[in-house]
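Asker: sequence below, structure please.
(2 chains)
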Protein chains: 2
Amino acid sequence: MREAYQSDLRHIVDDLVDMAEMVGTALDGATSALLEGELALAERVVTADPHLDARQLELDAKAVELLARQAPVATDLRLLVATLRMSSSLERMGDLAAHVALVARRAHPEIAVPAQHREQIARMSELGLTALRTAAQVIQDRDLALAAQVEKQDDELDELMLTISREISRSDEDTYTNAQVIDLTLLIRFYERIGDHAVSLVRRVGFLVTGDSLDTLSEGVDVQEF
Amino acid sequence: MREAYQSDLRHIVDDLVDMAEMVGTALDGATSALLEGELALAERVVTADPHLDARQLELDAKAVELLARQAPVATDLRLLVATLRMSSSLERMGDLAAHVALVARRAHPEIAVPAQHREQIARMSELGLTALRTAAQVIQDRDLALAAQVEKQDDELDELMLTISREISRSDEDTYTNAQVIDLTLLIRFYERIGDHAVSLVRRVGFLVTGDSLDTLSEGVDVQEF
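Answerer: All right, here's what the predicted structure looks like:
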């Protein structure tokens, strides 16, 4: 019984890491679809998103059931509480990847991102993906030594968002169509939010390990101004 | 002891409703600052946000402590689990209101929203505020009869976001500066997300009352395409 409980707790961590892998696949595919104009790939990312939503509901149900059946305390309780927040962040990160794919799909056969910004967007995606995968490793190993890397990747994402947005603001109006400005504004925000969620994931592992505050203050407004 | 526990649970609901009121004040102030160009009001909204973050951390700590001390089951457990999700949505709604205030502050002494869109933005704010306050009532009374209203207000928010974004896309490039398009794109998204979070709050009360799925699928990608 106790055995089964411990293995249930381990499975919950595996489920979180699986969800992170699903999000990584979605994000990677969405960015390729966006920058290469691959419509079929964009469609695949959009149609895969409900599977991630379903995984979250299963995981939440498992966590709630363990809370009810085992009345966990200390680290076990914090794991289940943190899981309820982390599953929600991962599901949202999947939505953000799907939003990128939707922008790609809407722009088709055009490519939504003007040539002069494609490298920057590729870099934002790479940073988001690295932050996500680093966060997944932190979740798996409960190793907070990697936390600083995720914060740094998130800072770089914020910087790139600001840079791109300043470049657009300072260009002549005829450099971009209005639709391009709308799409770019949304895209840089989607990638930037993925970084924020990666930071949240890592801070929730911090809560799990140390018992510090559950939620992150990175959801604050400091970096949002551009 | 049991008495104290029941009163702790009631206080948690009061705390959620208080947080919703704080968010409502922030949103109302942010929109006035935005549409009237009131810099001091924008500043007040931005500097008030950390208080909301602090309220969330206190509330989360209370909920975790009750989970640990009381090993609640059934409705009490679902209340605490839903609280951990709802406090997070409310904190995020506060951030979104603060983002609106930051746009107002950045644009000052200009008004970020071009004259032809001010009524639409005022309407989005009004819808968001109504959705938030209706959700707070649902949380307080556990009365799901009002849930459909929140979904409807959210649908209207989505529609307005699409309408405004189509109007911008279809206008000549010289109708707006690039900075105006960026600001409008962010603003309509901030208001639209507030509606999504209001729907999430109500669905979590649904979980609390009925034991259905904890999280909402409204975080999906269906309405995000424009």
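
Asker: count the neighbours of A:D174 for me.
Answerer: 9 (other Cβ atoms under 10 Å in any protein chain shown). Yep, even glycine has a C-beta here, placed from its N, CA and C like the rest.

Asker: how about the nearest residue to it, chain neighbours excluded?
Answerer: Nearest residue to A:D174, sequence neighbours excluded (Cβ to Cβ, 6 or more residues apart in numbering or on different chains): B:E173, at 5.5 Å.

Asker: looking at chain A, which residue is nearest chain B?
Answerer: The nearest approach of chain A to chain B comes at A:A71, 3.4 Å away (Cβ to the nearest Cβ).

Asker: list the residues that contact that residue.
Answerer: A:A71 makes contact with B:A71 under the criterion Cβ atoms under 8 Å, 6 or more residues apart in numbering or on different chains.

Asker: quick check: phi and psi on it?
Answerer: For A:A71, the backbone dihedrals are phi 40, psi 60 (criterion: degrees, to the nearest 10).

Asker: what distance do you get for it to A:G94?
Answerer: Counting by Cβ to Cβ, to the nearest Å, the gap from A:A71 to A:G94 is 31 Å.

Asker: check A:D196 too.
Answerer: 15 Å.

Asker: between those two, tell me which one has more neighbours.
Answerer: Higher neighbour count among A:D196 and A:G94: A:G94, with 32 against 25, using other Cβ under 10 Å.

Asker: okay, now the unreliable bits of chain A?
Answerer: Along chain A, the model assigns pLDDT under 70 to residues A:1, A:215-226.

Asker: my read is that A:G128 contacts A:H197, right?
Answerer: No: judged on Cβ atoms under 8 Å, A:G128 makes no contact with A:H197 at a distance of 9.2 Å.

Asker: settle it for me: which of the two has more neighbours?
Answerer: Neighbours were counted for A:G128 and for A:H197 using other Cβ under 10 Å; A:G128 has more, 31 against 26.

Asker: what sits closest to that one if chain neighbours are left out?
Answerer: Closest to A:G128 by Cβ to Cβ, 6+ apart is A:I194, at 4.0 Å.

Asker: likewise A:L35?
Answerer: Nearest to A:L35 is A:R118, by Cβ to Cβ, 6+ apart, at 5.5 Å.

Asker: likewise for A:S171?
Answerer: Using Cβ to Cβ, 6+ apart, the nearest residue to A:S171 is B:N178, at 6.1 Å.

Asker: so what's that neighbour up against?
Answerer: Remark: with contacts taken as Cβ under 8 Å, 6+ apart, B:N178 is in contact with A:I168, A:S169, A:R170, A:S171, A:E173, A:T175, A:Y176, A:V181.

Asker: and for the fifth one, the neighbour number?
Answerer: By the other Cβ under 10 Å criterion, the neighbourhood of A:E173 contains 17 residues.

Asker: contacting residues for it?
Answerer: With Cβ under 8 Å, 6+ apart, A:E173 has these contacts: B:E173, B:D174, B:Y176, B:T177, B:N178.

Asker: any chance of these in TSV, plus secondary structure?
Answerer: Shown next, in TSV, are those (DSSP: H, G, I helix; E, B strand; the rest coil):
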residue	secondary structure
B:E173	helix
B:D174	helix
B:Y176	coil
B:T177	coil
B:N178	helix
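
Asker: check those residues and tell me the two furthest apart.
Answerer: Within the contacts of A:E173, two members stand farthest from each other by Cβ to Cβ: B:D174 and B:N178, at 10.8 Å.

Asker: so how far is stretch A:84-93 off the chain centroid?
Answerer: Stretch A:84-93 sits 8 Å away from the centroid of its parent chain (Cα atoms, centre = their mean, to the nearest Å).

Asker: can you check stretch A:57-76 too?
Answerer: Remark: stretch A:57-76 is offset 24 Å from the chain centroid, using Cα atoms, centre = their mean.

Asker: and that stretch, which residues are buried?
Answerer: For stretch A:57-76, burial by neighbour count (16 or more other Cβ atoms under 10 Å in any protein chain shown) applies to A:L57, A:L59, A:D60, A:K62, A:A63, A:V64, A:L66, A:L67, A:Q70, A:A71, A:P72, A:D76.

Asker: the third one contacts B:S213, doesn't it?
Answerer: Spelled out, that is A:D60. Yes: counting by Cβ under 8 Å, A:D60 touches B:S213, with 7.3 Å between them.

Asker: so A:P109: helix, strand or coil?
Answerer: coil.

Asker: which ones are touching it?
Answerer: Each residue near A:P109 by Cβ under 8 Å, 6+ apart is listed here: A:G37, A:L39.

Asker: the strand or helix carrying the residue nearest to A:G128 vs helix B:178-210, what angle?
Answerer: Using DSSP states H and E, A:I194 maps to helix A:178-210. If you take axes from the mean of the first three to the mean of the last three Cα atoms, to 10 degrees, helix A:178-210 sits at 50 degrees to helix B:178-210.

Asker: so for helix A:178-210, what gets flagged as buried?
Answerer: Applying 16+ other Cβ under 10 Å to helix A:178-210 flags A:178-209 as buried.

Asker: do stretch A:139-154 as well
Answerer: A:I139, A:A147, A:Q149, A:V150, A:E151, A:Q153, A:D154.

Asker: surely A:Q137 and A:L146 touch.
Answerer: Yes: between A:Q137 and A:L146 there is a contact under Cβ under 8 Å: 6.0 Å.

Asker: for A:D212, helix, strand, or coil?
Answerer: Using three-state DSSP, the three-state assignment for A:D212 comes out as coil.
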